[in-house]
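Novice: predicted model, plus sequence, below.
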Amino acid sequence: MRDSAISVEGLWKTYRIAVNGEETNRITEAVLNRIRHPLTRIHYEKFDALKDINFDIPWGEAVGIVGRNGAGKSTLLKLLTRVAAPTKGVIDLGGRVGSLLEVGTGFHPELTGRENIYLNGSLLGMNRKEIKRRFDEIVDFSGVEKFLDTPVKRYSSGMYVRLAFSVAAHLETEILAIDEVLAVGDAEFQRKSLQKMRDVARDGRTVLYVSHQVATVTALCTSAIFLDRGELAYHGTVEGALSRYRDTFEKFQTDQREASRRPGNGALRFTRVAVADQTMDPDDDKVIEFNVGANPDVVGSYFVSCHINDANGSVVVQCDSRLTGNWFDPTREQAGTLRIKSLWLKPGRYTVDMFVCQSGILDAWEGADAFEVLPSPPYPEVTSDEAMSHGMVLSDFSYEATS
Amino acid sequence: MSRTIIRPPGRLNLPSLRELWEAREIFYRFGQRDILLRYRQTAVGVAWVFIQPLVSAGVFTIVFGGIAQLPSGGVPYFVFSFAGLLGWNLFNSIISRSAGSLVGNAALVSKVFFPRIIVPLSGLVAVLLDFAIAFGLFVVLLFVFGINPGWPILLLPVWMLLTLLLSVGIGVAAAAGTVRYRDVSYFLPWTLQILLYATPIAYSLEAVPANLLWLFNLNPLTWLLEGYRWSLLGQTAPELWQVGALVVAALIVFFGGVAIFQRMERSFADLI
């Protein structure tokens, strides 16, 4: 008998993807297809979301699972929590697994806070006695005691999320799986949640944490797993996994410099994209220069689009040249400048994606360039950080007393 | 501490009774949720449970008893059709509720693990409560019309159990089918609608012409409804072969349905 919290041996997860869109979810179509093409079997392409994963996790560890989008992080968590079944391999779990996959899953808007605590608690694997014993703690942690008998549809989104997180955080399962949910609530609640998760690991239980946010992984985890395109590329210290993670980011960016590796049909490609000023103040104009090659075979004119992404990969703003009526002639090389005015970005690192499009995408250059916004507040007064900590962007605003 | 070993799904996945027992709280909470939700933010609330069977029985009385002048074996037509509807509604509601239950709870199914069969089964709680209320109403009707069904009423739980086996079997299979093929949710209500008229619910077997009787006797629901009317109204008992065949059919449908469900269970999260 083993003594690890989680042992995984030769784990594979393969999805079948039908090619030529032949898969259907209607019986009639499935039957018709069979009649029309009695001899051709539906041709499936296999996609390995996880390839031969092996690891052992001892008790009392908080393990971060990091990787780019589509590396298989969420699939791995789904298999470990038994939501989906593996295709090959064995998972050996040393106890019950509680999952905190998405905040509020299992909450019903019409039910009151109290009823939802019981419903959600039972779904997450607690029995009635456990919920009763933890009830006061859950309510206390969430800070919604005044609204316990109000249907949760009347809750503010903050209250909703806090209550949902509190139920899950008080699970007494031996293993706890968390998918990207610690980023909820205000700064104070986030700090409390993180502390709670650390306590869980200190109790000798095991925490699995999937995230894009490097900061929380560093703050919470004692070891980490790095997944790369479905393969386990690294298992060890947090620093080791994160440095591998960052390396692939850079590798991805260098790869993208080579036009043929980029998505899009390739009829036209960017030859250059550059942010004019690599470091800027929040209220500076963002100027991006670009060059596109020529292709006389392309019919009609094309437009370009630009995304600015923050460090978490969220798109902060999209600038589509159709909106300003700018169309470009594909028969000759084009050089252009995009100037984004009155967008005040918060301090941090941003990446730029550029696209050449007609009816489809001709070139998609993700991470074409990056720039840094310096922490120099564009406001006349200096005050505590808290005054700027909420919101995605900053803005040019003014207050006026009218009475 | 017991360890859990997860392997790729095999051909036959029997539900683990231990896991089902541990998840009984979910069953209870789902049932409670159904009941609470039904009456929250409704104007007449609980009255719906009374209004529905009364109005249906009333319409059947007017159409079959009044307009078509069909026989009802000596009891007032209203009580006769109410008794039939009692059995039919139990069967019909369980199937309809289970069939869409997995897709209706798609967010849960794709995010949290628990024995999936609890989702369609939990519909039973609300349906059985409706049955209890409608049955109370029926007892009142028996007294009002002075009908004494006699000792066969003690066998009512047997017919109920057989109804549950049949409808749960069909219901869980339909729930699993809906995950893969959404047309189950169009096909099923239509089939149930046809069955409502093809089964002697609002009319008695007496009204069926002798040359068509064999067709009706092929339908297990006919045997079941005969049983209900024997227990509830004291009319002619179903024949012994009918009861025997009913038990066999109910068991086959139940285990068949559960087997289909369990076989597909572990792919739900990938398909839904």
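Specialist: Perfect, thanks for sending it. Residues are numbered from 1 along each chain as shown, chains lettered A, B, ... in the order given.

Novice: where does the stretch 251-400 of chain A dip in pLDDT?
Specialist: The model of the stretch 251-400 of chain A has pLDDT under 70 over residues A:312-313.

Novice: ok, now with 80
Specialist: For the stretch 251-400 of chain A, the stretches flagged by pLDDT under 80 are A:251-256, A:259, A:261, A:311-314, A:382-386, A:389-390.

Novice: also the stretch 51-200 of chain A?
Specialist: Filtered on pLDDT under 80, the stretch 51-200 of chain A yields the residue ranges A:68-70, A:99-106, A:125, A:157-158, A:168-169, A:172, A:179-194, A:197.

Novice: and the strands in it, which stretches?
Specialist: Remark: strands assigned in the stretch 51-200 of chain A by DSSP state E, counting those that start in this stretch are A:62-66, A:88-93, A:97-100, A:175-179.

Novice: just so I know, which of the ones you listed lies nearest A:I53?
Specialist: strand A:88-93 (7.4 Å; C-beta to C-beta). In short, each C-beta sits where N, CA and C put it, glycine included.

Novice: which neighbours in the sheet does that closest one have, and how are they oriented?
Specialist: According to DSSP bridges, strand A:88-93 has the following sheet partners: strand A:6-18 (antiparallel), strand B:4-6 (antiparallel).

Novice: who touches that strand?
Specialist: Residues outside strand A:88-93 that contact it (C-beta atoms under 8 Å, 6 or more residues apart in numbering or on different chains) are A:2, A:4-12, A:14, A:52-53, A:79-80, A:175, B:3-8.

Novice: now restrict the residues you listed to buried residues only.
Specialist: A:S4, A:A5, A:I6, A:S7, A:V8, A:L11, A:W12, A:I53, A:L79, A:L80, A:I175, B:I6 (16 or more other C-beta atoms under 10 Å in any protein chain shown).

Novice: so the second one touches A:E174, yeah?
Specialist: Yes: the pair A:A5 and A:E174 passes the contact test of C-beta atoms under 8 Å, sitting 7.1 Å apart.

Novice: pull up the overlap in contacts between the two.
Specialist: By C-beta under 8 Å, 6+ apart, the residues touching both A:A5 and A:E174 are A:G94, A:G95, A:R205, A:T206.

Novice: grab the nearest non-local neighbour of the second one.
Specialist: Ranked by C-beta to C-beta, 6 or more residues apart in numbering or on different chains and with sequence neighbours excluded, the top spatial neighbour of A:G95 is A:E174, at 2.8 Å.

Novice: what does the one you found show for phi and psi?
Specialist: A:E174 adopts backbone torsions of phi -70, psi -30, taken as degrees, to the nearest 10.

Novice: count the residues that sit near it.
Specialist: Residues contacting A:E174 under the criterion other C-beta atoms under 10 Å in any protein chain shown number 18.

Novice: tell me the one of the buried ones among the contacts of strand A:88-93 nearest B:T199?
Specialist: Distances from B:T199 to the buried ones among the contacts of strand A:88-93, taken by C-beta to C-beta, are shortest for B:I6, at 44.2 Å.

Novice: can you tell me the SS state at B:W230?
Specialist: The three-state assignment at B:W230 reads helix, by DSSP: H, G, I helix; E, B strand; the rest coil.

Novice: sorry, back to before: as CSV, the strands paired with strand A:88-93 with distance to A:I288 would be great.
Specialist: Putting the strands paired with strand A:88-93 into CSV (distance: least, C-beta to C-beta, whole Å) gives the following:
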stretch, distance to A:I288
strand A:6-18, 36
strand B:4-6, 49
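
Novice: and those strands, which one's lowest on average pLDDT?
Specialist: The weakest mean pLDDT among those belongs to strand B:4-6, with a mean of 82.

Novice: if I look at the residue nearest to A:A85 when sequence neighbours are not counted, how far off is A:T75?
Specialist: Distance criterion C-beta to C-beta, 6+ apart; nearest residue to A:A85, sequence neighbours excluded, is B:R266 at 3.8 Å. Using C-beta to C-beta, to the nearest Å, B:R266 is found at 14 Å from A:T75.

Novice: more crowded one of the two?
Specialist: Using other C-beta under 10 Å as the criterion, B:R266 and A:T75 rank with A:T75 on top: 22 against 19.

Novice: which ones are touching that one?
Specialist: Contacts of A:T75 by C-beta under 8 Å, 6+ apart are A:K13, A:A49, A:L50, A:A84.

Novice: how about 7 Å then?
Specialist: Residues near A:T75 by C-beta atoms under 7 Å, 6 or more residues apart in numbering or on different chains: A:K13, A:A49, A:L50.

Novice: closest to B:L233 out of the residues you listed?
Specialist: Nearest to B:L233 among these, with distances taken as C-beta to C-beta, is A:K13, at 57.5 Å.

Novice: who does the closest one bridge with?
Specialist: Applying DSSP bridges to A:K13 gives these bridge partners: A:L50.

Novice: run a quick neighbour tally on A:C357.
Specialist: Using other C-beta under 10 Å, A:C357 has 18 neighbouring residues.

Novice: quick one: it and A:S301 touch, right?
Specialist: No: here A:C357 does not reach A:S301: they are 11.0 Å apart, not a contact under C-beta atoms under 7 Å.

Novice: the closest residue to chain A within the stretch 101-250 of chain B: what secondary structure?
Specialist: Nearest to chain A in the stretch 101-250 of chain B, going by C-beta to the nearest C-beta, is B:F113, at a distance of 4.0 Å. Secondary structure, three-state DSSP: B:F113 is coil.

Novice: over to A:H235?
Specialist: Taking three-state DSSP, the label given to A:H235 is strand.

Novice: residues in contact with it?
Specialist: A:F55, A:I225.

Novice: relative to A:V63, how far out is it?
Specialist: For A:H235, the distance to A:V63 - C-beta to C-beta - is 9 Å.

Novice: equivalent analysis for A:G121, please.
Specialist: 25 Å.

Novice: can you check A:L194 too?
Specialist: Using C-beta to C-beta, A:L194 is found at 15 Å from A:V63.

Novice: neighbour count: the two, which is higher?
Specialist: Ranked by neighbour count (other C-beta under 10 Å), A:L194 and A:V63 place A:V63 first, with 26 against 14.

Novice: show me what the more buried one is bridged to.
Specialist: A:L208, A:S223.

Novice: gap between B:A106 and B:R182?
Specialist: Here B:A106 is placed at a distance of 12 Å from B:R182 (C-beta to C-beta).

Novice: relative to A:D297, how far out is the residue nearest to the spatial centre of chain B?
Specialist: The C-alpha lying nearest the average C-alpha coordinate of chain B belongs to B:F91 (C-alpha atoms, centre = their mean; 2.0 Å). B:F91 sits 66 Å away from A:D297, going by C-beta to C-beta.

Novice: now swap in B:P115 and tell me
Specialist: Distance from B:P115 to A:D297, by C-beta to C-beta: 59 Å.

Novice: neighbour-wise, which of the two wins?
Specialist: Under the criterion of other C-beta under 10 Å, the comparison of B:P115 against A:D297 puts B:P115 first, with 19 against 8.

Novice: what residues does chain B have near chain A?
Specialist: Counting by C-beta under 7 Å from any C-beta of the partner chain, chain B comes close to chain A at B:1, B:3-9, B:25-26, B:29, B:33, B:36-37, B:40, B:107-108, B:110-114, B:180-183, B:266-267, B:269-270.

Novice: can I have the buried ones of those residues as a ChimeraX selection?
Specialist: Command for ChimeraX, covering only those of the residues of chain B next to chain A found buried under the criterion 16+ other C-beta under 10 Å:
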select /B:6,9,25,26,29,33,108,110,111,112,113,114,180,181,183,266,269,270
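
Novice: the stretch 101-250 of chain B: helices as residue ranges?
Specialist: Applying DSSP state H, counting those that start in this stretch to the stretch 101-250 of chain B gives helices spanning B:101-104, B:106-109, B:118-121, B:123-145, B:156-180, B:184-198, B:213-217, B:220-233, B:240-265.

Novice: the stretch 201-350 of chain A too?
Specialist: So, for the stretch 201-350 of chain A - with DSSP H, counting those that start in this stretch - the helices run A:214-220, A:238-257.
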